[in-house]
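Student: pasting a predicted model and its sequence here:
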Amino acid sequence: MAKTFQGDFYVACATVIPVLMLAFVVQGGTYESMLEAAAKAAHSPNGRQDRIAALMLPRAAGAALTAALVGEVGALVGLYRGADSSAQRLVTLVATLLLMIVVIAAPTWKFLQVRRSISAELTTEPEPARLPRSGEPDAD
């Protein structure tokens, strides 16, 4: 057992984990979108990248659910007992952080896609205006 019980840590985790899980499920349908993307990738003939997505997305969704369950149970048990161990504290912390990373991943991915798209658009040189040749009608 740890020498000092960190009750505030468990209260914070017990409060944050359900909020993170709610954000994960509701945020643009992230959880559902991950599973749909995995199913679509599994049936896609596009090759290796789609196969990797089909394997990884359900695992990430499962990891989020597992992290939420393990972290919440660890936090509630610690609060109930009024005592903990360093292993219980570490597992609860890692589960909470894993869930936070999964929740942050979707908006981060979308942000990076938009940023990449904007950068590509800004670095692409516009086509030079073509002057009409003599005898051709104006495009206007």
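Tutor: Perfect, thanks for sending it. Numbering: from 1, shown residues only.
Student: okay, which residue is most central for this protein?
Tutor: Centroid-nearest residue in the chain: residue 105, 2.7 Å away (criterion: CA atoms, centre = their mean).
Student: name the element that one belongs to?
Tutor: Following DSSP states H and E, the helix or strand that holds residue 105 is helix 86-123.
Student: so what secondary structure elements neighbour that helix?
Tutor: Applying 3 or more CB pairs under 8 Å, 6 or more residues apart in numbering; DSSP states H and E, we find helix 86-123 packed against helix 7-26, helix 30-42, helix 48-81. Every residue, glycine included, has its C-beta placed from N, CA and C.
Student: buried ones in the first one?
Tutor: In this case it means helix 7-26. Within helix 7-26, the residues scored as buried using 16 or more other CB atoms under 10 Å are 9, 10, 13, 14, 16, 17, 20, 21, 23, 24.
Student: lowest pLDDT pick from those residues?
Tutor: Here the lowest pLDDT out of the buried residues of helix 7-26 sits on residue 24, with 76.
Student: for the chain, name the helix or strand with the lowest mean pLDDT.
Tutor: Taking mean pLDDT, DSSP states H and E as the measure, the helix or strand of the chain with the lowest value is helix 30-42, at a mean of 70.
Student: chain center to that one: distance?
Tutor: 13 Å (CA atoms, centre = their mean, to the nearest Å).
Student: just checking, what packs against it?
Tutor: Secondary-structure packing of helix 30-42 (3+ CB pairs under 8 Å, 6+ apart): helix 7-26, helix 48-81, helix 86-123.
Student: what's the neighbour count on the nearest residue to residue 33 once chain neighbours are set aside?
Tutor: Ranked by CB to CB, 6 or more residues apart in numbering and with sequence neighbours excluded, the top spatial neighbour of residue 33 is residue 106, at 7.7 Å. Residue 106 has 18 neighbouring residues, counting by other CB atoms under 10 Å.
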